[in-house]
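Enquirer: starting from these lines, generate the structure:
(one chain, ligands or ions: 1)
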Amino acid sequence: MNTQTKYMMDFFNDNYVPLTVYHLNKEDKITLGSATEKVCRFCNKDESETTFNNIAHAIPEFIGNKKLIANYECDTCNQKFSSLLESHMGNYMNLWHTLTQVKEKRSVPSFKTINDKSRIDIGPENVNIAEYTDDNILSVDAEKKQ
Ligand SMILES: [Zn+2]
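Expert: Got it, this is the predicted structure:
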């Protein structure tokens, strides 16, 4: 474990108490919140004031969660989180998902720079890196062979 990971694990253990542990690699979906009396935990509206038609993932689907579903997130709040927070988080994590081969909705994403010119694609047998001159996404250290 590197120093940064140890720091983060120590911080988590010192400041949080896990109430429940969910194993997301199991077959069955885990649903949080009532299926019959839905109240949004973020805006406190119930089914008479808002809708709960979308499947709300308690942990974003793009980081691999397909099992942990939240009944307590209304469609309006789900849309806000999706467009405001998750898109930024997705952009931030895009390179790591490409390099570590994390499947998002259906496939492992390609890494693309913000201008869409440079990209990294990892296939089953090769890695393709297309770098445009001004982007500097890649450097080669011949001496260290990196
Ligand atoms: Zn809400």
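Enquirer: now do the contacts for the most centrally placed residue in the chain.
Expert: The residue lying closest to the centre of the chain (CA atoms, centre = their mean) is Ile63, at 3.0 Å. Listed by CB atoms under 8 Å, 6 or more residues apart in numbering, the contact set of Ile63 reads 93, 97, 102. To be clear about C-beta, it is placed using only N, CA and C from the backbone, and glycine gets the same treatment.
Enquirer: out of these, which end up buried?
Expert: Among the contacts of Ile63, those classed as buried by neighbour count (16 or more other CB atoms under 10 Å) are 93, 97.
Enquirer: show me what from the chain comes close to the ion.
Expert: Residues of the chain found near the ion (CB under 5 Å from the ion) are 40, 42-43, 74, 77.
Enquirer: at 8 Å what do you get?
Expert: Residues of the chain lying close to the ion by CB under 8 Å from the ion are 40-45, 50, 73-78.
Enquirer: the least confident helix or strand in the chain by mean pLDDT - contacts with which helices or strands?
Expert: Lowest on mean pLDDT, DSSP states H and E among the helices and strands of the chain sits helix 87-100, with a mean of 84. Where contact means 3 or more CB pairs under 8 Å, 6 or more residues apart in numbering; DSSP states H and E, helix 87-100 is packed against strand 111-112, strand 119-122.
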